[in-house]
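Enquirer: Structure, please.
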Amino acid sequence: MREFIRLQLKLKWGINRNNNKASAAMTAVAALLAVLLALALVFVLSFVLKASIEVTARRLSILYLTVIAAGLTVAATGMQAKRLYRPGDLLISARFPLSPFKLFVGYLVLNYIDLSIYSAILFLPVMLVVGGAMQCITFAYVAGLLLGTVLLPIVPFALSVFLAVPAVYIAAFFERHGIAGLVVFILFLMGAFALYYYILTVLANFFIHRNWEEGTLEIWRNLLAGLDSYYNPIYYLAGAIFFERFLLGFGVWLGAGAALTAGGVALARTVCGSFRRRALDGEYGGRQRRSSLDGFSSLRAIFRYGFKEILRTKTYSYFYLGVALSTPVMVFFCNRLVTMVGEAQVGSGINFGASMLVVAVFMAMICSFTGTILSVEGKNFYITKLIPVPYRKQLLVKGLLSIGVSAVALGISAAIIGGLQFIGAADMAVLVSVQLLLSAGLVFNGINLNLANPNLKPKANGEAEEINIIFMLMIGLAVAAVLGASSLILPKVPQIGMLAAYLVALAVAFVYAAINIAVFCFTAERKYRKIEV
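Expert: Below is the predicted model:
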């Protein structure tokens, strides 16, 4: 069993020389930027709360520990569900020279090791930043952090063993009803973004006006006091980390973890065996459906197939279509925040530039997935070479589908911005024109990039996870920055005015779209022919 665990850890955390080094580097850079942004937010929030509320480092740490523990519990539940009940290598692992019980224990150990690594990555940087903001980093504080690194994953792991059982049934329900899962994800995404917006608004108000909005201070006092209570399990963990009632905190946390783990393992062991047997018997196999494309024109069939491909592929349906559908709500929140901060720093009259920047950023996020228009076909790519439709026409239909998705998100966003009178009619006309051109440029840029780097290697469940998405997102954000900066700065330049801002934005978007469309028209057919599965 030790060899099995060692090999599994090597597969996940070891260095794979066959991996795309550029992809790994870009992913690492993107992850690092996300972490730095989160740590910066933690530092600023801690600094502001310290300056405004009489709060101890322990009480403030409980807030962050609660969030981290909740995130670890969700992550651990997903790992338990995937490895114990729905492993991708089930047919292979069933033939291992290990008894089912040893295999079960091995997966539990792997999940705990993985969770401990994730816990350390999240816990240590956040708590060091909190300690720096609160100016409380001492030898005792560092010793408490080292102890907390060991203790933190215990209860989230124990809870996850219990929660994995209902999670598997819920996941199976959403797999059968994909639209329901997408709706839940969109609602969650909008809720998370609304919370993020609220925190940023609180911080912006504090730094702009040097005070809090009415009632906000009391909300944060009540939240911190409520979390610092016997009803919150993190209360006991914090007692051990900060050496306050250490024996009580250490004993309760360790005892709760041991009891929950024992009960959860007993439950999981009885359920896991039946799940794996039914999976091996093919009970969870997908149903074969008759094609509903008979009688359609070739272009309509490709268009419909492309849309169904979005719904069938989780990466597309959740992070592409989901982001597109929730974009109007996020545009509304972002527009308010950027306008509030911008007017305080620059002055009035920046609504057009703020709207241009915000909408362009979300267009970049939506269209970044066009960098996988070919890759998502995977091993079935050869079918696209057999059907009696010119290659360029196939790509054109897929591109128009992506433009259509972004146009719907843009239309609803524009209606919200116009309905709330963020900008006038002339500004709106230019905004929509620029964003449609930008969307077309991004889509065809993504197609051209995917033609140059098709990456048709088989992927788990047909998911599209590759460097092209990151490249397209970076390109889109760069163009959005140019559009936003010009639209914010030029109206403030004397004797230039809004007309120059309109013309520059239209010119940038038009040139960007024209170049990528021209490259597509002249090179797509030739590049497509060279691609082999």
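Enquirer: Show the backbone phi and psi for Phe242.
Expert: Main-chain dihedrals, Phe242, degrees, to the nearest 10: phi -100, psi 10.
Enquirer: show me the residues around it that make contact.
Expert: Counting by Cβ atoms under 8 Å, 6 or more residues apart in numbering, Phe242 touches 57-58, 61, 141, 144. C-betas here are computed from N, CA, C, even on glycine.
Enquirer: Report the secondary structure element holding Tyr141.
Expert: For Tyr141, the host element (DSSP states H and E) is helix 139-151.
Enquirer: now for that helix, which elements pack on it?
Expert: In this structure, helix 139-151 packs against helix 100-134, helix 233-241, helix 246-280, with contacts taken as 3 or more Cβ pairs under 8 Å, 6 or more residues apart in numbering; DSSP states H and E.
Enquirer: Repeat the analysis, applying 6 Å as the threshold.
Expert: Applying 3 or more Cβ pairs under 6 Å, 6 or more residues apart in numbering; DSSP states H and E, one finds that helix 139-151 contacts helix 100-134.
Enquirer: Pull out the buried residues from the helix it packs on.
Expert: Buried positions in helix 100-134, judged by neighbour count with 16 or more other Cβ atoms under 10 Å: 103-116, 118-120, 122-124, 126-127, 129-131, 133-134.
Enquirer: Helix 233-241 and that one, what's the angle between them?
Expert: 70 degrees (axes from the mean of the first three to the mean of the last three Cα atoms, to 10 degrees).
Enquirer: any idea how far helix 100-134 is from the chain center?
Expert: Distance of helix 100-134 from its chain centroid, counting by Cα atoms, centre = their mean, to the nearest Å, is 20 Å.
Enquirer: helices and strands around that helix, which ones?
Expert: Judged by 3+ Cβ pairs under 6 Å, 6+ apart, helix 100-134 is in contact with helix 2-13, helix 21-52, helix 57-80, helix 139-151.
Enquirer: will you turn these into a markdown table that also has mean neighbour count and mean pLDDT?
Expert: Putting the helices and strands packed on helix 100-134 into a markdown table (neighbours: other Cβ atoms under 10 Å; pLDDT from 0 to 100) gives the following:
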| stretch | mean neighbour count | mean pLDDT |
| --- | --- | --- |
| helix 2-13 | 12 | 65 |
| helix 21-52 | 15 | 76 |
| helix 57-80 | 20 | 90 |
| helix 139-151 | 16 | 91 |
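Enquirer: Per the annotation, how does this protein divide into domains?
Expert: 2-177+213-280, 298-530 (automatic domain parsing).
Enquirer: Of the ones you listed, which stretch is the most buried?
Expert: domain 298-530 (a mean of 19; mean count of other Cβ atoms under 10 Å).
Enquirer: Would you mind checking the average pLDDT for that one?
Expert: Regarding domain 298-530, the rounded mean pLDDT is 79.
Enquirer: follow-up on the earlier one: quick check: which of the helices and strands packed on helix 100-134 is nearest to Val432?
Expert: helix 21-52 (29.9 Å; Cβ to Cβ).
Enquirer: Not counting residues beside it along the chain, what's closest to Ser370?
Expert: Actually, residue 370 is Thr. It isn't Ser. Gly446 (3.0 Å; Cβ to Cβ, 6 or more residues apart in numbering).
Enquirer: helices or strands up against the helix or strand that that neighbour is a member of?
Expert: Per DSSP H and E: Gly446 is located in helix 425-452. In terms of contacts (3+ Cβ pairs under 6 Å, 6+ apart), helix 425-452 is packed against helix 351-367, helix 391-419, helix 467-489, helix 497-530.
Enquirer: Go through those and name the closest to Arg176.
Expert: helix 391-419 (24.3 Å).
Enquirer: Which elements pack onto the closest one?
Expert: helix 298-312, helix 322-345, helix 351-367, helix 425-452, helix 497-530.
Enquirer: In CSV: those, plus distance to Leu237.
Expert: Formatted as CSV, the helices and strands packed on helix 391-419 follow (distance: least, Cβ to Cβ, whole Å):
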stretch, distance to Leu237
helix 298-312, 42
helix 322-345, 33
helix 351-367, 36
helix 425-452, 45
helix 497-530, 51
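Enquirer: closest to Lys398 out of these?
Expert: Evaluated with Cβ to Cβ, the helices and strands packed on helix 391-419 place helix 298-312 nearest to Lys398, the distance being 5.1 Å.
Enquirer: Point out where the stretch 51-200 of the chain drops to low pLDDT.
Expert: Within the stretch 51-200 of the chain, the set of residues satisfying pLDDT under 70 comprises 86-101, 175, 177-178, 182, 196-197, 199-200.
Enquirer: Repeat the analysis, applying 90 as the threshold.
Expert: 51-60, 74-114, 118, 121-122, 130-138, 160-200 (pLDDT under 90).
Enquirer: Let me know the closest of the contacts of Phe242 to Ile373.
Expert: Nearest to Ile373 out of the contacts of Phe242 is Ser61 (Cβ to Cβ; 45.7 Å).
Enquirer: Tell me the spacing between the closest one and Tyr230.
Expert: 17 Å (Cβ to Cβ, to the nearest Å).
Enquirer: Kindly report the same for Phe246.
Expert: Counting by Cβ to Cβ, the separation of Phe246 from Tyr230 is 16 Å.
Enquirer: what's the answer for Ile373, then?
Expert: 54 Å.
Enquirer: what do you get for Leu189?
Expert: In terms of Cβ to Cβ, Leu189 sits 34 Å off from Tyr230.
Enquirer: again, but for Lys50
Expert: Counting by Cβ to Cβ, the gap from Lys50 to Tyr230 is 25 Å.
Enquirer: now do Ala266
Expert: 28 Å.
Enquirer: Over to Phe362?
Expert: 43 Å.
Enquirer: Many thanks, we can stop here.
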